[in-house]
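[1] let me see the structure of the following:
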Amino acid sequence: MKPQRLQAALGHAFGKPELLRQALTHRSFGAPNNERLEFLGDSVLNCVIAGALHSKFPALKEGELSRLRASLVRQETLADIARSLNLGELLQLGEGELKSGGARRPSILADALEAIFGAIHVDAGFDAARGVIEHLYQPAMARIDPNDSGKDPKTALQEVLQGRHLPLPRYALLATHGEAHAQEFEMECLIPELGIRSTGSGGSRRIAEQQAAQRALAEIKT
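    Sure thing, here's the model as predicted:
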């Protein structure tokens, strides 16, 4: 994907294209990189999502709104949106990150997307960033169930299977990537009785297992 196609997908044409280049530059590639923009984008994202939830669910209490916001701004959700944009194809990564699959790593994809939000804020202001975020998050917002218990995906999956009198899922490590200080784990969740084999990745086995469980839940519900 070319930068022009990414901007079309975002719905924002950068007045300062160098900001987009910086947002797509990982620290392993050199300076200037996207760390400062990611810091800014994280705050912008949290504010926009908080405002959207506040408007969409006027009857929910603070704790319930906080739980929903956390589910929307977490690494897994950001990485999924980044993948839908084919963001990995445009990332500028150092040689080591390229060889270890950094363009597919959820943490790098999530950080780059937040950096893009920060770059849009610098380029055109908060309202422009809000418009892009609300556009990209529209499918995720539409899927929100305010009556969801808030249980983590592994617990929720376990309860669903127990309710159907099925064995618990099996989790297995598929691979690890990256240096020891920044490893990425790939896990699979197996439910042979339902013919489900889902995968997840993250900076720890727990995060990767939760993502795999979330995808297994989505398969069961479809």
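[2] drop to CA atoms for contacts and neighbour counts, all remaining ones
    OK.
[3] where in the chain is pLDDT low?
    Flagging of the chain using pLDDT under 70 yields the residue ranges 1, 147-151, 180-182, 222.
[4] longest helix of it, counting residues only.
    Looking across the chain with DSSP state H, the single longest helix is helix 35-56.
[5] what does it contact?
    Outside helix 35-56, the residues within contact range by C-alpha atoms under 8 Å, 6 or more residues apart in numbering are 23, 26-27, 65-66, 68-69, 72-73, 111-119, 121, 126, 129-130, 133-134.
[6] not counting its neighbours along the chain, what's nearest the spatially most central residue of the chain?
    Nearest to the geometric centre of the chain sits residue 78, at 2.0 Å (C-alpha atoms, centre = their mean). With sequence-adjacent residues excluded and distances taken as C-alpha to C-alpha, 6 or more residues apart in numbering, residue 78 is closest to residue 110, at 4.9 Å.
[7] the one you found: what secondary structure?
    In three-state terms, and counting by DSSP: H, G, I helix; E, B strand; the rest coil, residue 110 is helix.
[8] please apply the same query to the one 4 residues further on.
    Secondary structure assignment for residue 114 (three-state DSSP): helix.
[9] from residue 169, how far off is it?
    According to C-alpha to C-alpha, to the nearest Å, residue 114 and residue 169 sit 33 Å apart.
[10] which of the two has more residues huddled nearby?
    residue 114 (28 against 19; other C-alpha atoms under 10 Å).
[11] and the residue nearest to residue 78, how far from residue 4?
    Residue 110 is 20 Å from residue 4, where distance means C-alpha to C-alpha.
[12] surely residue 191 touches residue 161?
    No - with contact defined as C-alpha atoms under 8 Å, residue 191 does not count as touching residue 161 (9.2 Å).
[13] mutual contacts of those two, please.
    Shared contacts of residue 191 and residue 161, defined by C-alpha under 8 Å, 6+ apart, are found at residue 168.
[14] where exactly do the helices run in this protein?
    Using DSSP H, the helices of the chain run over 3-10, 17-23, 35-56, 62-73, 75-84, 95-99, 106-124, 126-136, 138-142, 153-163, 205-221.
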